[in-house]
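Show me how the following folds:
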Amino acid sequence: MNQVNILWIAVAILAFASPASSQTQKFGYVNSQALLAELPEVKQADATLQALQTQLEKKGQLMVQELETKYKELQRREQSGEISPKALEEEARKLKEQEAELGKYEQDVQRQLATRRQELLQPVIDKINNAIKQVATEMSFTYIFDSSAGMLLYAEESLDILTQVKGKLGI
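Numbering: from 1, shown residues only. Okay, the predicted model is just below:
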């Protein structure tokens, strides 16, 4: 190829690439944690979760008290000589099994709370994401960052869309 053809190809590439690169990208940000804290649905979900946690903890405390009572009774029986070494060993094994079940219960409580939290908050998160998407589209933003994630090092306050998202959410 001669130099003239290469020059024309380069000019053509620049001509086609130029309009695409001349489009400016518009960035915005929102603090999703501040937004979540203001939504009544989140406050209601937190209250529901707190009630569930209290209920599950009470059950766990009763299980612990029952296990402690059984350990004390077994210890009393051992000290008074009311139980043979073989029976003591068997009873101690049973109590260890109950202790392991208590550990499993505690893990199950954490799992239940996490699952319930997800169930309660997912519709709210979807609602927030939809409102953010609407505001971003209306204001022609290319990207919206979450300032609560700690990744936003600097941003012009005029790019904060929290007020507009609150408006979409009716708060």
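
State the mean pLDDT of the host helix or strand of K166.
If you go by DSSP states H and E, K166 is part of helix 162-169. Helix 162-169 shows a mean pLDDT of 90.

what does stretch 69-87 give?
Stretch 69-87 carries an average pLDDT of 93.

Tell me which residue is most central in the protein.
Q118 (7.4 Å; C-alpha atoms, centre = their mean).

Pull up the per-residue confidence for that one.
96.

Please apply the same query to S18.
Reading off the model, S18 has pLDDT 45.

And the one 4 residues further on, by the same measure?
In this prediction, S22 carries a pLDDT score of 47.

Check A47 too.
The per-residue pLDDT of A47 was computed as 96.

Could you tell me how many residues sit around it?
10 (other C-beta atoms under 10 Å). In this view, the C-beta of every residue, glycine as well, is placed from N, C-alpha and C.

ok, now F145?
If you count neighbours by other C-beta under 10 Å, F145 ends up with 16.

can I assume it sits in a strand?
Yes: F145 forms part of a strand when assessed by DSSP: H, G, I helix; E, B strand; the rest coil.

Nearest residue to it in space, ignoring adjacent ones along the chain?
What sits nearest to F145 in space, not counting adjacent residues and going by C-beta to C-beta, 6 or more residues apart in numbering, is Y29, at 4.4 Å.
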